[in-house]
Structure formats: C-alpha cells, structure tokens
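J.: need the 3D shape of this:
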Amino acid sequence: MRIFKSILLASLVALPLSISVQAADVTVEDTAANTEAMGFYLRGDLGWSFLEWSGGSDDSTFVAGGGAGYRYNDNLRTDLTVDWSGDYDVAPGADLSTTTVLGNLYFDWANDSAFTPYVGAGIGYGWVDSGLGDDSGLAMGLAAGISIGLSDNIDLDAGYRFRDIMISGPDAQEHQAVVGVRFAF
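T.: So this is what the prediction gives:
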C-alpha cells in the first residue's frame, strides 16, 4: 500500500510538468491551421422539392431558403435555416406551401481536395398552409451532399434534403434537391 501511495504522489507531482511540456509542443502552424476553418457563415439555397402527402395529391415545386451558421473546425458546423416551398397542387382548387425553421448540425469529411462530402440532421418547427386548412408542428430534417470550395470563404453546395413536418393530420414530407452558396467571414 505504501508503494501505491508513493506512485500516486509522484504522479500528482509530475502532472503539472507533463502538461507544460505538452503545451510547449504546440507550434504556430498548428494553431493557424485549426482556426482557419472556424467562423461564421451565411448561406442561401435554391432547388426543387417533391411532396409526399397522404392528405392529397403528391406534387413538386420550387424551394428557397437561407440561414446563418458557425463552423467549429474542419469537420463540424451548425446553422439555423429558414426554408420555404410552395404552391404544391394537392387538390382541385387547393395549393399547399411549407415553411420550416431548423437548427442543423453537419459533419464534413474534410480532405485535401476542393470537394467535401457532408451529412447533417436538424430539428425545429414547421408550418403547413393550404386551402384545406393550416397546421404547424415539430419539424425534422436530414441532409447529405457535397461542398465545393470556390475560394477561402465561398463554398458551392449541392445536396439532398428530407423534411418532415409532424402535424395533427397527415405529415407533409418533402424530398429536396438543392444548390446553395455559403459565404464565410
């Protein structure tokens, strides 16, 4: 038991020394590389949305959206987005439009090329407006795509998104093909 206490005491004494040694190993280049990818960005998206809705006919229409986000490192970013798709023809004389506000989290597979694949998921709130009645509820989304670095602070984004707005009637589910631009600060 006495040997164990001596080893434990020696470890506690050596701990501050090992931390300072590790801190001395960090170079200026390592710090610059880690902070280069970090920062705020704005995004804008346009595309085409395909509605699956058991409350009426399925249809497709234009989708537009935008948001603001923050990149934490080369692999992790998050944003808050607002997306609108509208004028789905779901029944004679009845159009439907959807709006979602989602908080999203993305994982980017950073590599040495200009092409960066990503996946993401989001949760928030959505509104369904139609001639058959308006409703709102919890919304969720999934995303996958690829970003193309055009410059140090501009990325072109092409991808697929799935949106589901959970309302009291039939859920409005959308499959969206979108192209967007991200402007980093």
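
J.: buried residues of the strand or helix carrying residue 99, list them for me.
T.: Using DSSP states H and E, residue 99 falls within strand 94-108. For strand 94-108, the neighbour count (16 or more other Cβ atoms under 10 Å) marks 95-106, 108 as buried. For the C-beta atoms, the positions are set from N, CA and C on the backbone; glycine is no exception.

J.: next helix or strand past it?
T.: strand 115-130.

J.: sorry, back to before: what is the nearest of the buried residues of strand 94-108 to residue 150?
T.: Nearest to residue 150 among these: residue 108, at 15.5 Å, using Cβ to Cβ.

J.: contact partners for the closest residue to the closest one other than its chain neighbours?
T.: Computed as Cβ to Cβ, 6 or more residues apart in numbering, the closest residue to residue 108 that is not its neighbour in sequence is residue 118, at 4.6 Å. Counting by Cβ atoms under 8 Å, 6 or more residues apart in numbering, residue 118 touches 106, 107, 108, 109, 143, 144, 145, 146, 147, 159.

J.: enumerate the beta-bridge partners assigned to the first one.
T.: Using DSSP bridges, the beta-bridge partners of residue 106 come out as residue 77, residue 120.

J.: neighbours around residue 184, how many?
T.: By the criterion of other Cβ atoms under 10 Å, residue 184 has 19 neighbours.
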